[in-house]
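Enquirer: Output the structure for:
(one chain, ligands or ions: 1)
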Amino acid sequence: MADLNNMNKKFKTLDDFVGTHFIYTYDNGWEYEWYCKNDHTVDYRIHGGMVAGRWVKDQEAHINMLTEGIYKIAWTEPTGTDVALDFVPNEHKLNGTIFFPKWVEDHPEITVCFQNEHIDLMHESREKYETYPKLVVPEFATITYMGDAGADNEEVIAEAPYEGMTDDIRDGKYYTEDYRRINK
Ligand SMILES: C=Cc1ccc(O)cc1
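Expert: Model (predicted):
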């Protein structure tokens, strides 16, 4: 049986981190949901902030354990946005830095979609609009949910975010005991 919301989980190894599903709120109020799908892939959904509504599956990422229980993840996106996350899950916190190209700051609505179905539009937009100056957003975040979804679970991030979704997940109303979606 998978642990749905295990805020007491203790992280030691990279294996402890892979397969974990997190929800967290940045100090600027932006709420994100992020899944370490395997040791080189992440899925995520954005619930609050400049690009709320955006969701992404199968983003390639560099995922490393820096020292016991501390993890660094970095990737570059089809939009040209770069992301670096430092997770300290045993303390329920992380530090994230997002480097947005100017065009995403100017036209965030273009990126608010299920990106996997609009990769060409992301590539066209990053050529068409301005890259610089970049908008750098460095923030600490507080983790409000940690679930053991297991690796390569396609049901974790499988639909667009909706109002109240993160409450449903935290309240145990969204996934079954074996971490499948309840309402499909
Ligand atoms: C732009 C993507 C993104 C995903 C997760 C996160 O914490 C910050 C940015």
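Enquirer: May I have the distance across stretch 111-129, first residue to last?
Expert: Across its full length, stretch 111-129 reaches 13 Å end to end, with C-alpha to C-alpha, to the nearest Å as the criterion.
Enquirer: Return the set of buried residues in it.
Expert: Along stretch 111-129, these residues count as buried under the neighbour rule (16 or more other C-beta atoms under 10 Å): Thr111, Val112, Cys113, Gln115, His118, Leu121, Met122, Ser125, Arg126, Tyr129. C-beta coordinates here come from the backbone N, C-alpha and C atoms, glycine included.
Enquirer: and what of stretch 9-26?
Expert: By neighbour count on 16+ other C-beta under 10 Å, the buried set for stretch 9-26 is Phe11, Asp16, Phe17, Val18, Gly19, Thr20, His21, Phe22, Ile23, Tyr24, Thr25, Tyr26.
Enquirer: Next, Val42: secondary structure please.
Expert: Classification of Val42 using DSSP: H, G, I helix; E, B strand; the rest coil returns strand.
Enquirer: Now do it, the pLDDT please.
Expert: On the pLDDT scale, Val42 is placed at 99.
Enquirer: Can you tell me how far it is from Asp152?
Expert: Taking C-beta to C-beta, to the nearest Å as the criterion, Val42 is separated from Asp152 by 12 Å.
Enquirer: could I have the helix or strand where Val136 lies exported to CSV, CA atoms only?
Expert: The secondary structure element spanning Val136 is strand 135-148 (assigned by DSSP states H and E). Taking only C-alpha atoms (Å, rounded to 0.1, in the frame of the first residue of the first chain), the coordinates of strand 135-148 have been written out as CSV:
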residue,chain,number,x,y,z
LEU,A,135,13.0,37.3,-14.7
VAL,A,136,14.8,35.4,-11.9
VAL,A,137,12.5,34.2,-9.1
PRO,A,138,14.4,32.7,-6.1
GLU,A,139,12.1,31.6,-3.3
PHE,A,140,12.0,29.2,-0.4
ALA,A,141,8.9,27.0,-0.2
THR,A,142,7.1,25.0,2.5
ILE,A,143,6.2,21.4,1.6
THR,A,144,2.5,20.7,2.5
TYR,A,145,2.2,17.2,1.1
MET,A,146,4.5,14.2,0.5
GLY,A,147,3.2,11.0,-1.1
ASP,A,148,4.9,7.7,-2.0
